[in-house]
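Asks: Okay, sequence plus prediction incoming.
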Amino acid sequence: MTPDLEATLDDYVLAHTTPPDAYLHRLYRATNLYLLRPRMASGHLQGQLLRMLAQMHRPRTVVEIGTFSGYSALALASGMQAGSTVHTFEVNDEQECFTRPWLEGAPYEARVVMHVGDVFKLLPPMQLQVDMAFIDANKREYEAYYHLLMPMMHSGSVMLADNTLWDGHVVDSAYDRDAQTLAIRRFNDLVADDPRVEQLILPERDGLTLIRVK
């Protein structure tokens, strides 16, 4: 596929996908205006996928590891019911000033609660039963996040992991000594070899893995 055709196809997909609501649109614009590395935000297509998965799965408790600007947390919340909660964890305390007002001002029925600090210390004492989880943080810690979350999940719970194709590096021998690439490969192998789950890697953006606990 030529670059021009790929760009045209991307435009076609966007034109035939439900657009984000006004609040998410404003947040994505602010993310691009005021934050470094705005590409880290989920964006329109992935946000709509998260929203629809939440609408279909109807989780009561969602755990997100890696908040950034809050776009993915709010995309999930926009598809959830009243009385449900997204607990989102962000290790970078400098992110809080931008993100927290967007989370607290959201018009959705689901609550979004931002926790700032080390998820490995903050999450276990909460003793949550997790219906859905979204991992999008330190790639070197993906295996550890998986082991942290699995005991909190139940049959039918869904876990999502972003960036699992890592710009194609997972199949590129030129990155065989790159620590982040190696960590993503180990995570992908871990999930594929775990008999407790079934999984699918979607080649959307940078790769999104859907994992369902059997």
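Replies: All right, it came through fine. Residues are numbered from 1 along each chain as shown.
Asks: Beta-bridge partners for Val213, please?
Replies: Counting by DSSP bridges, Val213 forms beta bridges with Val197.
Asks: which secondary structure element contains the most centrally placed residue in the chain?
Replies: A centroid search over the chain (C-alpha atoms, centre = their mean) returns Phe134, at 4.2 Å, as the residue closest to the centre. With secondary structure defined by DSSP states H and E, Phe134 is part of strand 130-135.
Asks: The helix or strand immediately after that strand in the chain packs against which elements?
Replies: As assigned by DSSP H and E, the chain's next helix or strand after strand 130-135 is helix 142-149. In terms of contacts (3 or more C-beta pairs under 8 Å, 6 or more residues apart in numbering; DSSP states H and E), helix 142-149 is packed against helix 119-122, strand 130-135, strand 153-162, helix 179-192. To be clear about C-beta, it is placed using only N, CA and C from the backbone, and glycine gets the same treatment.
Asks: quick one: helix 142-149 to chain centroid distance?
Replies: Chain-centre distance of helix 142-149: 14 Å, with C-alpha atoms, centre = their mean, to the nearest Å.
Asks: and what of stretch 99-108?
Replies: Centre-to-centre, stretch 99-108 and its host chain are 17 Å apart (C-alpha atoms, centre = their mean).
Asks: Kindly report the same for stretch 170-179.
Replies: Relative to its chain's centre, stretch 170-179 lies at 23 Å (C-alpha atoms, centre = their mean).
Asks: Show me what it is in contact with.
Replies: With C-beta atoms under 8 Å, 6 or more residues apart in numbering as the test, stretch 170-179 has contacts from 140, 164, 169, 181-182, 184-185, 188, 207.
Asks: Now the two most distant members of those residues.
Replies: Pairwise distances among the contacts of stretch 170-179 were taken by C-beta to C-beta; the largest, 16.4 Å, belongs to Arg140 and Gly207.
Asks: Show me which of these two is the more surrounded one.
Replies: More crowded of Arg140 and Gly207, by other C-beta atoms under 10 Å: Gly207, with 19 against 14.
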